[in-house]
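Asker: From the sequence below, what's the structure:
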Amino acid sequence: MSRLRRLRRWWPVLPVAFLALLVYAAIPGRSTFTVSPETTYVTGPLDAEGYVDYQTALNQRLGEGITPETNANVQLWRALGPRPEGGNGMAPEYFWWLGINPPPDEGEYFLGSHRYFEDVLKIRQEEEEEKPADWFEEFFGEPEPNEFRFPPDPRQQWNDRLDRTRKWPWKAKERPDVADWLRRNEKPLAVVAEACRRPKYFNPLVASPRVGQEEPRLISCLLPNVQKCRDIANALVCRAMARVGDGDLDGAWQDLLTCQRLGRHVAHGGTLIENLVGIAIVMIASDGQLTLLSQSQAPADRVRGWLEDLRRLPPMPTFGETLNRGERFVTLDAMMSLARNGPGMLDQLAGPGGPAPAKNRVFGRLFTRSIDWDPALRNANRMYDECVEASRLPDRPARQKELAKVEAGIKKPTPGPLARATMNRTERGEMIGNILIGLLFPALQKVQDASDRVRQAERNLHVAFALAAYRADSGRYPGKLDELVPKYLPEVPGDLFSGGPLIYRPEKDAYLLYSVGPNGADEDGRGREDAPPGDDSRVRMPVPEPKAK
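Answerer: This is a model prediction of the structure:
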């Protein structure tokens with residue numbers, strides 16, 4: 001009874017304590033992190049509540065010194081139209097950053113291969129269903145399967161046809177569907193070529209209109225134009241191979257050079273997605289240029305001119321530049337959103353199936369006030385600083401070693417419930433920061449491998465064109481690569497992956513040139529498409545005709 005009386009005596013205090021808690025949580029401002037170069041990395045702009053606006057800060061950096069007249073991306077949108085992948089298109093803020101109005105709804109815009117299949121080929125197929133059985137062979141180029149075989153997937157057959165068409169010379173009468181697709185895209189591709197001659201590229205990062213101000217904005221940015229650029233690259237290389245088939249070598253070269261420029265522009269965007277798409281586009285262009293070299297038998301002066309065009313291309317960005325340019329901001333923006341919005345953000349960042357962030361501002365303020373965010377912000381910046389420094393090391397093994405150290409520092413175990421309950425504000429901030437870094441940090445070794453692979457492919461490409469010029473002058477390939485210096489190359493590049501020389505095996509009218517690839521193992525020049533597949537980065541001349549699928 002005495003305990004019950006004491007409880008009754010104190011119960012009026014509980015509402016007062018609860019009201020004080022609400023007042024504390026509702027006080028404007030925050031005292032959970034410090035705005036400084038060591039923590040928030042940038043010190044502005046700040047919103048009305050004192051949080052860093054990372055979306056604005058990043059776009060200001062990405063677009064510095066770039067005008068609508070020098071920005072290749074402005075012209076690319078004029079080729080793509082306002083909704084490259086359908087839907088509602090980009091937010092008005094995106095085009096404000098570009099300094100232009102959105103493209104009009106109606107226009108002669110690029111028609112992607114998927115949309116061409118849906119709007120043209122699929123409808124044509126449905127119209128042919130009542131015709132005799134030989135329509136199948138006429139449409140797909142092979143006999144209709146019998147009753148004991150599964151019928152082929154028309155979409156996959158279309159994709160396979162495009163894949164072969166961009167890898168080998170062809171004529172319009174052999175591929176009327178591909179020729180029709182390219183004819184419909186003639187004007188948009190001319191706009192793309194004009195875009196790629198511009199010197200700069202700025203793709204603003206603007207969150208989807210569905211994302212609220214309190215949610216992480218940079219991680220929710222839309223990139224429909226970036227994904228569509230890969231489809232444009234395939235169209236350019238398909239057309240180049242058609243021009244090779246017709247003997248128009250200069251036209252083919254210009255298409256392939258446009259593709260190289262497009263990949264480099266996209267790779268200089270602010271995100272790793274843009275960097276990786278740009279790498280893929282450059283690799284597509286390089287494969288097409290090797291096929292042109294193999295099939296053209298061009299004279300030495302023309303080949304040397306092509307090599308000079310390749311040397312004048314701007315360099316690809318290192319993966320460290322991309323991490324520092326945009327990915328750092330993505331991570332810090334997510335931390336800022338968590339500090340503002342509360343722990344529900346962690347579930348959202350863990351994957352697309354996670355719940356939406358909590359909207360309870362009271363609980364959010366109580367959560368953030370119990371955490372010192374400075375250790376989390378400092379740790380994130382330290383990780384990115386270490387990655388940037390590692391990326392600058394000229395020796396690949398040294399880079400791998402340093403990046404392995406960074407990745408080891410990311411994988412930290414989460415303390416148990418009892419340890420979390422007894423943490424102070426600083427320890428709690430460091431724990432939350434480690435969780436976020438683990439969720440958002442990219443796979444560093446894989447990103448480095450992709451970056452090094454495209455750099456090695458560029459080296460191999462230059463050597464291949466020098467070998468072609470040598471052969472055009474002398475009637476044979478050199479016995480050693482050193483014979484290319486100095487007339488055809490200032491120096492013979494080495495193997496990024498082994499640290500040694502490239503492997504070169506000449507024959508009478510052919511050669512095999514290769515690097516050992518990211519796995520470091522010499523697999524006799526076998527690439528990914530060989531059987532059995534290998535990891536070597538190779539040039540085989542003459543280029544073998546791709547096998548039919």
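
Asker: got the contact list for the closest residue to Gly520 other than its chain neighbours?
Answerer: Once flanking residues are discounted, Gly520 sits nearest to Phe497: 5.8 Å by C-beta to C-beta, 6 or more residues apart in numbering. All C-beta spots, glycine's among them, are computed from the backbone N, C-alpha and C. Phe497 is in contact with Arg396, Asp452, Gln456, Ser515, Val516, Gly517, Pro518, Gly520, Ser537, counting by C-beta atoms under 8 Å, 6 or more residues apart in numbering.

Asker: The third one and Pro518: what is the separation?
Answerer: Using C-beta to C-beta, to the nearest Å, one gets 9 Å for the distance from Gln456 to Pro518.

Asker: for Gly494, phi and psi?
Answerer: Gly494 adopts backbone torsions of phi -100, psi -170, taken as degrees, to the nearest 10.

Asker: Just the pLDDT for the spatially closest residue to Cys196 that is not a sequence neighbour.
Answerer: Closest residue to Cys196 apart from its sequence neighbours, by C-beta to C-beta, 6+ apart: Arg261 at 3.8 Å. Per-residue confidence (pLDDT) for Arg261: 98.

Asker: SS state for Arg261?
Answerer: helix (DSSP: H, G, I helix; E, B strand; the rest coil).

Asker: And it, how close does it get to Ile232?
Answerer: Arg261 is 12 Å from Ile232, by C-beta to C-beta.

Asker: which of the two has more neighbours?
Answerer: When Arg261 and Ile232 are compared on other C-beta atoms under 10 Å, the one with more neighbours turns out to be Ile232, at 27 against 23.

Asker: any idea which helix or strand carries the more buried one?
Answerer: Per DSSP states H and E, Ile232 falls inside helix 224-245.

Asker: List the buried residues of that helix.
Answerer: For helix 224-245, burial by neighbour count (16 or more other C-beta atoms under 10 Å) applies to 225-226, 228-245.

Asker: Can you get me a residue count around Asp524?
Answerer: By other C-beta under 10 Å, neighbour count at Asp524 equals 12.

Asker: How about the contacts made by it?
Answerer: By C-beta under 8 Å, 6+ apart, the neighbours of Asp524 are Gly534, Asp536.

Asker: Now Val539: phi and psi?
Answerer: Torsion angles, degrees, to the nearest 10, at Val539: phi -120, psi 120.

Asker: Was I right to think it contacts Ser515?
Answerer: No - contact criterion C-beta atoms under 8 Å: Val539 and Ser515 do not qualify, at 9.6 Å.

Asker: Just want to know which of the two has more residues nearby.
Answerer: More crowded of Val539 and Ser515, by other C-beta under 10 Å: Ser515, with 28 against 25.

Asker: For the chain, just list every one of the strands.
Answerer: 503-506, 511-515, 537-541 (DSSP state E).

Asker: Who are the packing partners of the last one?
Answerer: The elements that strand 537-541 packs onto, with contact taken as 3 or more C-beta pairs under 8 Å, 6 or more residues apart in numbering; DSSP states H and E, are helix 272-296, helix 444-474, strand 511-515.

Asker: Now distance to Tyr51 too, for those, in TSV please.
Answerer: Formatted as TSV, those follow (distance: least, C-beta to C-beta, whole Å):
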stretch	distance to Tyr51
helix 272-296	25
helix 444-474	28
strand 511-515	47
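
Asker: Out of those, which is closest to Val191?
Answerer: Ranking the helices and strands packed on strand 537-541 by proximity to Val191 (C-beta to C-beta) places helix 272-296 first, at 16.9 Å.

Asker: domains of the protein?
Answerer: 2-44+321-442, 475-549 (automatic domain parsing).

Asker: right, and the ones you listed - which one's nearest Trp97?
Answerer: With C-beta to C-beta, the closest approach to Trp97 among these belongs to domain 2-44+321-442: 14.3 Å.

Asker: Looking at that closest one now, give me its mean pLDDT.
Answerer: Rounded mean pLDDT across domain 2-44+321-442 is 74.

Asker: just stretch 81-96 next, same as before
Answerer: pLDDT averaged over stretch 81-96 gives 88.

Asker: what comes into contact with it?
Answerer: Contacts with stretch 81-96, where a contact means C-beta under 8 Å, 6+ apart, come from 77, 101-105, 107, 109-110, 112, 204, 206-209, 222, 224-225, 227-228.

Asker: One more pass at 7 Å, please.
Answerer: Residues outside stretch 81-96 that contact it (C-beta atoms under 7 Å, 6 or more residues apart in numbering) are 101-103, 105, 107, 109, 204, 206, 209, 222, 224-225, 227-228.

Asker: from those residues, which single one is nearest Pro501?
Answerer: Nearest to Pro501 out of the contacts of stretch 81-96 is Gln227 (C-beta to C-beta; 38.2 Å).

Asker: So for stretch 498-514, first residue to last residue, what's the gap.
Answerer: This stretch, stretch 498-514, spans 11 Å end to end (C-alpha to C-alpha, to the nearest Å).

Asker: got it, and stretch 109-121?
Answerer: 18 Å.

Asker: Show me which residues of that stretch are buried.
Answerer: Within stretch 109-121, the residues that count as buried by 16+ other C-beta under 10 Å are Tyr109, Phe110, Leu111, Gly112, Ser113, Tyr116, Phe117, Leu121.

Asker: same check, this time on stretch 484-497
Answerer: Residues Leu484, Tyr488, Leu489, Val492, Pro493, Asp495, Leu496, Phe497 are the ones in stretch 484-497 that count as buried (16+ other C-beta under 10 Å).

Asker: ok, and the closest non-adjacent residue to Cys221?
Answerer: Using C-beta to C-beta, 6+ apart and skipping the chain neighbours, the partner closest in space to Cys221 is Leu205 (4.4 Å).

Asker: tally of neighbours for the one you found?
Answerer: 26.

Asker: so what pLDDT did it get?
Answerer: 95.

Asker: isn't it right up against Leu218?
Answerer: Yes - if you go by C-beta atoms under 7 Å, Leu205 and Leu218 touch, sitting 5.8 Å apart.

Asker: overlap in contacts of the two?
Answerer: Both Leu205 and Leu218 are contacted by Gln55, Leu58, under the criterion C-beta under 7 Å, 6+ apart.

Asker: Name the surrounding residues that touch stretch 169-183.
Answerer: Identification of contacts with stretch 169-183 by C-beta under 7 Å, 6+ apart yields 113, 116, 121, 161-162, 165, 235, 238-239, 241-242, 244-246, 295.

Asker: distance of the closest residue in space to Arg264 that isn't next to it in sequence from Leu262?
Answerer: With C-beta to C-beta, 6+ apart as the criterion, Arg264 has its nearest non-adjacent residue at 5.5 Å, and that residue is Pro314. From Pro314 across to Leu262, the span is 12 Å (C-beta to C-beta).

Asker: Neighbour count: those two, which is higher?
Answerer: Leu262 (27 against 13).

Asker: Distance of that one relative to Arg83?
Answerer: Per C-beta to C-beta, Leu262 is found 20 Å from Arg83.

Asker: What of Lys547?
Answerer: Taken as C-beta to C-beta, the span from Lys547 to Arg83 is 38 Å.

Asker: The two - which one has more neighbours?
Answerer: Arg83 (15 against 8).

Asker: related to what we said a few turns ago, give me the distance between the residue nearest to Gly520 and Glu174.
Answerer: Separation of Phe497 from Glu174 (C-beta to C-beta) stands at 39 Å.

Asker: what does Ala240 give?
Answerer: Counting by C-beta to C-beta, the gap from Ala240 to Glu174 is 16 Å.

Asker: swap in Gln448?
Answerer: Gln448 is 41 Å from Glu174, where distance means C-beta to C-beta.

Asker: Can you tell me which of the contacts of Phe497 are buried?
Answerer: Arg396, Asp452, Gln456, Ser515, Val516, Gly517, Pro518, Ser537.

Asker: Counting neighbours, what do you get for Val192?
Answerer: Neighbour count of Val192, defined by other C-beta under 10 Å: 27.

Asker: what's near enough to touch it?
Answerer: Taking C-beta under 7 Å, 6+ apart as the test, what Val192 contacts is Leu76, Ala79, Ile232, Thr258, Leu262.

Asker: Touching, the fourth one and Glu194? I think so.
Answerer: No - counting by C-beta under 7 Å, Thr258 does not reach Glu194; the two are 9.4 Å apart.
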